[in-house]
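A.B. asks: predicted model and sequence follow; I will ask about them next.
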Amino acid sequence: MNIQQNLDPFPHVIIKNYFDEFELKVIWEELEFICYPQKLEPPDITGTARDNGRNLKQNRGVWLNDVYRNHLTSSILSVNRKLFNSADIIYKNHPHWYFHHNTTAYSTLLSYYENSDYYESHKDQAYLTCVSWFYKEPKKFSGGDLYFPDYEDYTIEYDNNKAILFPSGTKHAVTPIKMQPDDCGKKLGRFCMAQFLSIEGENRLNMDSDDTRGRVND
């Protein structure tokens, strides 16, 4: 892991080469298993921020905590525990006080983006958000970068096996994906694993602002 603790333009952490070779192997095995149209759900089910009733995101996804009654059944939910198991290394040594809380409650949303998919500016209803990115090599799309509109569109380029940890209340967005039609439907798009961290004892409905998540109420 290559960990960059940043204070500017706001407190956040960028992690390159986040998962090791074995962890990536089991993550991809599960991504291959899950990434089918009948398994991934639309924004109205996975949850989406809204603006005057209009969905701000276009993609498909699934809440892994809902899929697996026993979280040990999921390789992804097992290996992404490293965020907590290595918290002192990954984020709790950040110089900003915001990262020093006991954020051990979390939920995981897996999202998949293909041509023309996007997520407009929004906030998450959690304490910290950690997004991890994956795609098949060679890369078959452009876009999908993460940007923060309140900070002169500060942008973090989408890259394989990169993770970003930031305060959930910070407005952020995903630039539209561009793919060739022949590459669609082949699991060659943008994968994002989002972990929404909460402080123990707080409301754990880690959803986006103005959210109305399917059967519970992103």
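C.D. replies: Received it, and whenever you're ready, just let me know what you need. What you see is a predicted model, and the numbers here were worked out from it, not measured in a lab.

A.B. asks: give me the pLDDT for Asp208.
C.D. replies: On pLDDT, Asp208 comes in at 36.

A.B. asks: wait, Leu31
C.D. replies: 97.

A.B. asks: what about it, distance to Gly189?
C.D. replies: When CB to CB, to the nearest Å is the yardstick, Leu31 and Gly189 sit 11 Å from each other. Glycine gets a C-beta too; all of them are placed from N, C-alpha and C.

A.B. asks: more neighbours, those two?
C.D. replies: More neighbours surround Gly189 than the other of Leu31 and Gly189, with 24 against 18 (other CB atoms under 10 Å).

A.B. asks: ok, and what's touching the top helix by length along the chain?
C.D. replies: Looking across the chain with DSSP state H, the single longest helix is helix 21-34. With CB atoms under 8 Å, 6 or more residues apart in numbering as the test, helix 21-34 has contacts from 19, 40, 62, 67, 74-76, 78-79, 82, 110, 134, 161, 187, 191, 193.

A.B. asks: got it, and stretch 3-16?
C.D. replies: So stretch 3-16 is contacted by 1-2, 89-91, 93-96, 98-99, 148, 151-152, 154, 156, 159, 161-167, 170 (CB under 8 Å, 6+ apart).

A.B. asks: from these, which would you call buried?
C.D. replies: Buried residues within the contacts of stretch 3-16, counting neighbours by 16 or more other CB atoms under 10 Å: 90-91, 94, 99, 148, 154, 156, 161-167, 170.

A.B. asks: inside helices: which ones of the residues you listed?
C.D. replies: Ile90.

A.B. asks: since that was my last question, I'll sign off now.
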